[in-house]
Each structure stands twice: as structure tokens, then as C-alpha cells.
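*Asks:* Dropping the sequence and predicted coords here.
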Protein chains: 2
Amino acid sequence: MSSAGILIIGNEILSGKVTDTNSPWLCRELRTLGVDVERVLTIPDDVEGIARELRMMRSRYDFVFTSGGIGPTHDDMTLEGVARAFDRKLMRSETIAMRIERAQNATPNASQLKMAMVPEDALLVDAGDLWFPVVIVENVHIFPGIPELFRRKFESIRERFRGVPVLLKRVFVKRRESEIAHTLNELLEEFPELMLGSYPKIGEESFHVLLTLESRDAGFLQRALDTLLDKLPPDAIHRVE
Amino acid sequence: MSSAGILIIGNEILSGKVTDTNSPWLCRELRTLGVDVERVLTIPDDVEGIARELRMMRSRYDFVFTSGGIGPTHDDMTLEGVARAFDRKLMRSETIAMRIERAQNATPNASQLKMAMVPEDALLVDAGDLWFPVVIVENVHIFPGIPELFRRKFESIRERFRGVPVLLKRVFVKRRESEIAHTLNELLEEFPELMLGSYPKIGEESFHVLLTLESRDAGFLQRALDTLLDKLPPDAIHRVE
């Protein structure tokens, strides 16, 4: 079972000008692949801040993903932040510089060459039909902030992250959350490893609470579900999925 | 100029089952009010993790907002996490207990009374038409995760946070980002205090890059905008807003 942290870099998110759609999408992808996301953090375009957070995240999680801050302008600081987090220098990648030149059929200018400066000994992974490689430093995977590119880049390497997926059962309950809380506590005493979520829904006619039961072990999950259904009054159950 | 951190608490966000809409909404509200959001963090339902992050955030930012984890079930741990972050005990609030009893016209059960356990000396703020007060501990403001309630609670106390708003100008540019990066660097040398954002757009016909210029000082902002428009070739400017 592997863990992940996601670092979203960009003042435009914090100031509310742009909504981050990359982290919700990546959370769903990683869940499907069986990776537990344990932290999603959005911070400003600031080299020292990026480095500080990455130092912590790279040591705490199996995989770290960054989004944003890898373009040619003054506010693109992610590669420098990653380099600093690993105490590495930024080095010009001739491979990337050549790609930029070939893509535009002209000599890259200084701003474009900034995009070719990557942390020393970074891994450049070519996959899919992308002209620009994915840059990886140890367990830190660097993605662009533009959602279309973020998704295509992740998809090009997604099989690297596949583990044992989490299985999910959902029970829709026709009771208030406070009426079933003690039942949930009993269930957790019997199945302490169960990942159990309880989500009240406002404005739903047919049920009040959605319960989610999750585990990587199908037999365990079924036993927990059966136990829960035994404990709840039959007329409290709207449906099970 | 005041700063803020937002802490989103909930496994359902990290596992991709629910998309956090509270933090994008709150970022926009706080921007309008003139508050700088410097950190948005999503973490699991875990008391020690909540306490650890809040200890840092409460000392670093003027205002801290939490979302989620204040219901009656096993996975609702925010109030305990806040208490731990401030080294306070959880105490039963008779005011809240009475409100719960009155709202349902029956004696609250043990699960409901969990919602009445708040950190010692917490401030309970009644505002708007909400039956449940907003719980505040020093600079930490505790909100429910359900978006309708989150918004109504924030709106009930939003005037507490009003400062000097940030003014925004937007310039839509018909050039690639790498072609104008040097102009942006020049602009920042002349106006180092300018908040300048550069956002490439894929799939737009009429422009390639959206530039955002921001400042709390209207005169300064206008001078920076005029300087930028002078520096860019006239045919590079699609429009200015």
C-alpha cells in the first residue's frame, strides 16, 4: 500500500482566480490505482516555500506530485524549488533544449531555455505523444498546471503507480447521522481496520446519510457490510451499492 | 493586510469521493474582502494530524478556517484537534446542548452531545438565522464541511475579515508566453511590488496568454499597467479589462 502527497503551486489558485481541478482529478485516479493520498497542499509561487514543503513531503510519502510553475515566466519556480529540496543544482538539459528548438524550428530564447533547466540527475521520461518529457526527481513527479497537459502527462506514466485498489461499498441510510452514530462506533470496534465514512446529505428526499465502507480485502469488506446491515433496522436502509 | 490559511479535513476529499468546493469559494470571498490566502491544505480525519497543522497555521496566519469534521460520528475529530492545538480541554457547552434539545424537541443522545463538546473558552458567535453558533478559538474559525452550511456560516460573520481589497487588471496577449517573458521581467524590475501573473491558455483563438496585474494601490496599478502596455507591441494586445 503506497501513499502520496500532492503539491499545487500557484498564486492564481489561492487568490481564487482559478479553481484547482488537478488535485480532485488526481485523487480519483490514484484511488483507482490503489494509492492513498494523504495530503493535498496549495502554496504560493515562492522558491523557499516550495522547497520547504517538498523536503517534508518527499520523506513522508512514497510518491509526490507537483502541479504548476514550470513555464518560462518569472512566477515559474517549481524546478528551482525541487532542486533546492534535494540540494541539487539546476542544470541545463540539452535534450529538452533540443526539443524546444525542434518544436518551434528556431533557436530558443532565454525564457524558453529556462524551461530546460532541471535538477541535476533528474529522470526524463518520454511517454505517450508528448513532445516534452515528464521530469522526475527521486519520488517527486513534476507536472504542468494546465489541466489538459497535467492529465495527459499523468496518463502517460500512470501504470508506474498501480497497487492494490481499494474496494468500496455504499449504504444509503434513512436516518439522521446522530441516530446511527452509536451503530457505527460498534461496527468499528468489531472491524477496526475498516475505512468507514459517514456523510449527511442535505436536500435529499430518499435518504439522510451516505455511509462508505472501504477495504483492500474483499472478504473483510463483505463481512463488515453484512454486520452493518444486521445492526441497522431494516427500514433504515434505502439502498446498498 | 491580513493573511489566512484554510484547513480542509476529510478522507472523502483525499480519496476523490467528494470534490472540495469550500476552499475555492472561500479563496474568492477572502480575496474580495482583501485577505491573502497563503495556504490551503487537505488532510485526513486524524486528531494528531489536525492538531499539528493547526499549531503551525494559527501562529503563521492572521485567520485560520477549518472545514469539516464537526458532526456526531466517529470520523468527526476537528473540535478535539483544535483543542489539542491550543492545549485546551474539550468542555461541554450547555448553550449548544440546549440548542440541540430545542431544535429536535427531545433529549439529545450521546452522539449529538458530542457536537456540544467544544474547546474550553471557545467563542460562540450567533449570527444570521443559523440555529448552531460559529465556534471560534482565538484566530481559528471552525466551519462544517457541508457546502450549504459552510457558506451560510461564513457569510454570517464575513464582515469580521474585511480589509483593503486587491485591485485587478487583466491583459489578454496575442503572443506566446516565452515571447513576452523578458518584458514581464523588465516590468517587475521597475515595479517589484506588483503582483503579476502570467497564464497561458490552450485552445483560445483570440489570445495566448492572460496577464493579471494586482495591487492594493490604484495609482500604482495604473502606472504599472500603462508601462506594460507601452512595452508590449500594440498588435500583441487583444484586450485590457
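*Replies:* The structure has been received and is ready for your questions.
*Asks:* right, and the secondary structure at the closest residue to residue A:36 other than its chain neighbours would be what?
*Replies:* Nearest non-adjacent residue to residue A:36, counting by C-beta to C-beta, 6 or more residues apart in numbering or on different chains: residue A:3, 5.0 Å away. Any C-beta I mention is one placed from the backbone N, CA and C, and that applies to glycine too. Taken by DSSP: H, G, I helix; E, B strand; the rest coil, the conformation at residue A:3 corresponds to strand.
*Asks:* list the contacts for residue A:3?
*Replies:* A:35-38, A:60-63 (C-beta atoms under 8 Å, 6 or more residues apart in numbering or on different chains).
*Asks:* okay if I get the residues you listed as a markdown table plus secondary structure?
*Replies:* Converted to a markdown table, these look like this (three-state DSSP):
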| residue | secondary structure |
| --- | --- |
| A:35 | strand |
| A:36 | strand |
| A:37 | strand |
| A:38 | strand |
| A:60 | helix |
| A:61 | coil |
| A:62 | coil |
| A:63 | strand |
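*Asks:* which one among these gets closest to residue B:167?
*Replies:* residue A:37 (36.4 Å; C-beta to C-beta).
*Asks:* picking up where we left off before, so for the residue nearest to residue A:36, what's the pLDDT?
*Replies:* Per-residue pLDDT puts residue A:3 at 97.
*Asks:* what about it, distance to residue B:176?
*Replies:* 38 Å (C-beta to C-beta, to the nearest Å).
*Asks:* Residue A:64 too?
*Replies:* 30 Å.
*Asks:* do residue A:16 as well
*Replies:* In terms of C-beta to C-beta, residue A:16 sits 26 Å off from residue B:176.
*Asks:* More neighbours: which of the two?
*Replies:* A count of neighbours by other C-beta atoms under 10 Å in any protein chain shown puts residue A:16 above the other of residue A:16 and residue B:176, at 18 against 15.
*Asks:* Over to that one. Which of the three states is it?
*Replies:* What three-state DSSP gives for residue A:16 is coil.
*Asks:* list the contacts for it?
*Replies:* Neighbours of residue A:16 in contact, by C-beta under 8 Å, 6+ apart: B:24, B:27-31, B:37.
*Asks:* and if we set it to 7 Å?
*Replies:* B:24, B:27-28, B:31 (C-beta atoms under 7 Å, 6 or more residues apart in numbering or on different chains).
*Asks:* pLDDT wise, what is it at?
*Replies:* Note on residue A:16: pLDDT of 95.
*Asks:* any idea how far it is from residue B:166?
*Replies:* Per C-beta to C-beta, residue A:16 is found 10 Å from residue B:166.
*Asks:* cool, and residue A:2?
*Replies:* Taken as C-beta to C-beta, the span from residue A:2 to residue B:166 is 40 Å.
*Asks:* between those two, who's got more neighbours?
*Replies:* residue B:166 (19 against 16).
*Asks:* phi, psi of the nearest residue to that one once chain neighbours are set aside?
*Replies:* Spatial nearest neighbour of residue B:166, chain neighbours left out: residue B:214 (5.1 Å); criterion: C-beta to C-beta, 6+ apart. Main-chain dihedrals, residue B:214, degrees, to the nearest 10: phi -140, psi 150.
*Asks:* tally of neighbours for residue B:214?
*Replies:* So residue B:214, with other C-beta under 10 Å, has 19 neighbours.
*Asks:* Which strand residues bridge it?
*Replies:* When bridges are called by DSSP bridges, residue B:214 pairs up with residue B:168, residue B:195.
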